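1. no FASTA, just this:
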C-alpha cells in the first residue's frame, strides 16, 4: 500500500540549476538528482512534489517534498538509509508520514529564508558560493529598523520579479530581522509565502538601506508604489538559503 | 629595482592539492595557480615563497607569501589590482613591503589554525567542504578544559604524522580553545609552529575527548608518551583553516 511521506531536504544549491526538474538534461536540478536517488533506493520510479521552487544557486536547509511509495522501511529510518544513495550535496534530514490529502505547496503555513552578506573589506573565497560580498560598512541597526516596514499583510508587487505568475501579489511577512555576527550580516524573513525573487529583492533593497541610500520613509513609499523599478536590485542567488517550511501539523 | 612584498592570501582549498607546487601538473595547487596569476599581472615569471605548506583540502584566511618584483604599483593597491587576475577561490587580502632579509617561513612568530566541526544529527551539505561532520553530542566544555594540557612547550611527537622532516618535535602552543556557536564547534590553536598534521591530530584527539573516550589524565599520558599511536585519529583536512600568521614586525 502506498504511503505518503514528507521529507525535509538540505542541499548545496551551487551545483544545480535550481530545484525544479527541467526538460533539458544539460541543466542538472536538485529535484532530478533527488528523484534519481529515491528511485534507486526504493527500486521504483519516484516523483516528488517540492514545497518551494528554489532558484539556481539557492541553498536549502529545510526544503520539504512529498513522495508516495510502497515500502516497509520505517519512516524514521529513511534519512540515514537514503544517505548513501544521495550525492554529497543533498541530505535528507527528516521524514514523517502525512495524510493522503496533504500537499507540500498548498498546505504551507509559513516559510523562513535567510540571506547572508559577507561584509568585509575583501572577499572570502570560502564563502563565495554561500553569501553575497559587500565591502561597504553596512549599517545593520538601520537595516533591521527599516525592515520592520515590511512586516504585515501588504501588496508586495514592488518586490516581485516581472512576469510572476501568482494570482495575487499580497503576502504576509510575519517577521524580519537583520543581525551581524563576525563578518556576516544575515537577513532572516518569515512569511506565509513569497513572490518570485521577493526575498532577493527585499535583500537587495535592505543592502541599499545599509549603505545609506534608502531611508525608512523611502522604503514605505517603495512598498506603496507597487512598482518594481522603485525597489533595489535583486541580490545574488548565492546568499539565499531556504531555512524552514512549517505546516500546521508537521 | 626589485622590491620584496609580503602578501596575505585567503583561499578555498577544496579545489586544490594543497599549497605546495608539484611537479605533476595533473594536481593543481594553490601556489601554482597563485604564481600564474602574479606572473600574468606583473608580466614576468614570479615565484613566491609561502609560509605554510597547507595540505590538500585545507583552507586559508591568512596564508602569507613573499614575492620579489620590479613594479611601480603601490603596495597597498595590490590586493584589489590582483583581484581580476586571480581565480575566484584565491583572494589577496593584504600586501606590505618587507626587508630584503625577511623570510616568511624562518621569521614566523606564531600561527593560528582553526578546526571546524559540524556537530549536528545530520550532515549539512553547504558546509561539507569546510568542516568535519560529527553526529555525536560533543562535550565542548570538557574539550576546552582538557585541551589546556597541550599549552606550553612540549615534545609533540605523539601528534605528528610519521615521517615528519623537522629536526625537533618540540613546539610551543601559546593558546588553545574550543567553542561552540550554533552547530559549529571550533578548535582554535596558536603556536610557534606545527608538525606535519599536528593540528588535525590534536583535533581528532580532542573530538574523542568530546565523545567521552579520552580523559584529561589520558591526554597528559598521550603527550608524555611521544607515541603517535596513542593519540586519536587525524581529523579530516576539510575542517582545517590557516587563520593567521604573525611576524614580529608585520
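-> Received the coordinates, thanks. Remember, predicted model here, so these are calculated numbers, not experimental data.
2. Write out the residues of chain A neighbouring chain B.
-> A:10-12, A:59, A:61, A:79, A:83, A:88-93, A:121-126, A:128, A:130, A:241 (Cβ under 8 Å from any Cβ of the partner chain). Using the backbone N, CA and C atoms, a C-beta is placed for each residue, glycine as well.
3. pLDDT score assigned to residue A:164?
-> Listed pLDDT for residue A:164 reads 66.
4. What mean pLDDT does stretch A:4-20 get?
-> 97.
5. again, but for stretch A:98-112
-> Averaging pLDDT along stretch A:98-112 yields 92.
6. Please apply the same query to stretch A:231-246.
-> Stretch A:231-246 shows a mean pLDDT of 97.
7. So which bits of it are buried?
-> A:231-232, A:234-245 (16 or more other Cβ atoms under 10 Å in any protein chain shown).
8. any idea how far residue A:143 is from residue B:192?
-> Using Cβ to Cβ, to the nearest Å, we find residue A:143 at a distance of 42 Å from residue B:192.
9. Between those two, which is the more surrounded one?
-> residue A:143 (26 against 14; other Cβ atoms under 10 Å in any protein chain shown).
10. What average pLDDT does whatever helix or strand that one lives in get?
-> Residue A:143 belongs to helix A:140-147 when assigned by DSSP states H and E. In this model, helix A:140-147 has a mean pLDDT of 98.
11. buried residues in it?
-> Judged by neighbour count using 16+ other Cβ under 10 Å, the buried positions of helix A:140-147 are A:140, A:142, A:143, A:144, A:146, A:147.
12. Closest one to residue B:222 out of these, please.
-> residue A:140 (44.5 Å; Cβ to Cβ).
13. you'd agree that closest one is up against residue A:179?
-> Yes: using Cβ atoms under 8 Å, residue A:140 makes contact with residue A:179 at a distance of 7.0 Å.
14. list residues touching both of these two?
-> Common neighbours of residue A:140 and residue A:179 (criterion: Cβ atoms under 8 Å, 6 or more residues apart in numbering or on different chains): residue A:185.
15. and residue A:224, helix, strand or coil?
-> helix (DSSP: H, G, I helix; E, B strand; the rest coil).
16. Isn't residue A:54 up against residue A:14?
-> No: assessed by Cβ under 8 Å, residue A:54 is found out of contact with residue A:14, at 11.8 Å.
17. Please identify which of these two sits among more neighbours.
-> Using other Cβ under 10 Å as the criterion, residue A:54 and residue A:14 rank with residue A:54 on top: 25 against 17.
18. now the more buried one: how far from chain B?
-> Distance of residue A:54 to chain B, computed by Cβ to the nearest Cβ, to the nearest Å: 13 Å.
19. what sits against the residue nearest to that residue when sequence neighbours are not counted?
-> Take residue A:54 and drop its neighbours on the chain: the residue closest to it by Cβ to Cβ, 6 or more residues apart in numbering or on different chains is residue A:19, 4.6 Å away. Listed by Cβ under 8 Å, 6+ apart, the contact partners of residue A:19 are A:29, A:30, A:31, A:50, A:52, A:53, A:54, A:60, A:63.
20. nearest to chain B, of those residues?
-> Of all the contacts of residue A:19, chain B sits closest to residue A:60, with 8.9 Å by Cβ to the nearest Cβ.
21. Spell out the residue ranges of the strands in chain A.
-> A:3-11, A:49-50, A:59-69, A:90-98, A:108-119, A:132-134, A:152-155, A:170-181, A:184-191, A:240-247 (DSSP state E).
22. Strand partners (parallel or antiparallel) of the second one?
-> Using DSSP bridges, the neighbouring strands of strand A:49-50 in the sheet come out as strand A:59-69 (antiparallel).
23. now the angle from the partner strand to strand A:108-119?
-> Using axes from the mean of the first three to the mean of the last three Cα atoms, to 10 degrees, the direction of strand A:59-69 lies 150 degrees away from that of strand A:108-119.
24. which of the residues in strand A:59-69 are buried?
-> Applying 16+ other Cβ under 10 Å to strand A:59-69 flags A:59, A:60, A:61, A:62, A:63, A:64, A:65, A:66, A:67, A:69 as buried.
25. now stretch A:213-222
-> So, applying 16+ other Cβ under 10 Å, buried residues of stretch A:213-222: A:214, A:218, A:219, A:222.
26. number of nearby residues for residue A:91?
-> Residue A:91 has 24 nearby residues by other Cβ under 10 Å.
27. can I assume it is in contact with residue B:118?
-> No: the pair residue A:91 / residue B:118 is not scored as a contact, 11.1 Å apart, by Cβ under 8 Å.
28. who's in contact with the residue most central in space within chain A?
-> By Cα atoms, centre = their mean, chain A has its centre lying nearest to residue A:242, at 2.8 Å. By Cβ under 8 Å, 6+ apart, the residues touching residue A:242 are A:52, A:54, A:58, A:59, A:60, A:61, A:62, A:63, A:111, A:112, A:113.
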